[in-house]
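1. What would the 3D arrangement of this be:
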Amino acid sequence: MAASDHWRMQLNNFLQAHGGPQILGWTVFTTGPQHQPMWTAITYVRGVEYAKVHGSSQNAVKEEAARRTLAALQADRRRW
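-> Prediction:
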């Protein structure tokens, strides 16, 4: 896995520099049958939903949610 694939770590590092990781919240759950689960990961920053991702892999949806959250936070630097 390349360094650019570690989105959760990059998001955590960004948040440590901008208010602390405690401002980040996650909701992760699965739906569907056990043999074919559909995972959902939702990120919240200061209680505001930033990303919601669905997919067949828990790790993949968490990484993508972290990537989208980090991109949104970096794009909106006014909050920091």
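2. ok, how many other residues are close to residue 14?
-> As a burial measure, residue 14 scores 18 neighbours (other CB atoms under 10 Å). Backbone N, C-alpha and C define where each C-beta goes, glycine included.
3. Please verify my assumption that it contacts residue 73.
-> Yes: in terms of CB atoms under 8 Å, residue 14 counts as a neighbour of residue 73; the distance is 6.5 Å.
4. State the phi and psi torsions of residue 11.
-> With angles defined as degrees, to the nearest 10, residue 11 sits at phi -60, psi -40.
5. Run a quick check on it versus residue 64, I expect a contact.
-> No: taking contacts as CB under 8 Å, residue 11 lies outside contact range of residue 64: 11.4 Å.
6. Please compare the two by neighbour count and tell me which comes out ahead.
-> residue 11 (26 against 17).
7. May I see the buried residues of the helix or strand hosting residue 61?
-> Per DSSP states H and E, residue 61 falls inside helix 58-75. Using 16 or more other CB atoms under 10 Å as the test for burial, helix 58-75 gives 61, 62, 63, 64, 65, 66, 67, 68, 69, 70, 73.
8. All set, thanks.
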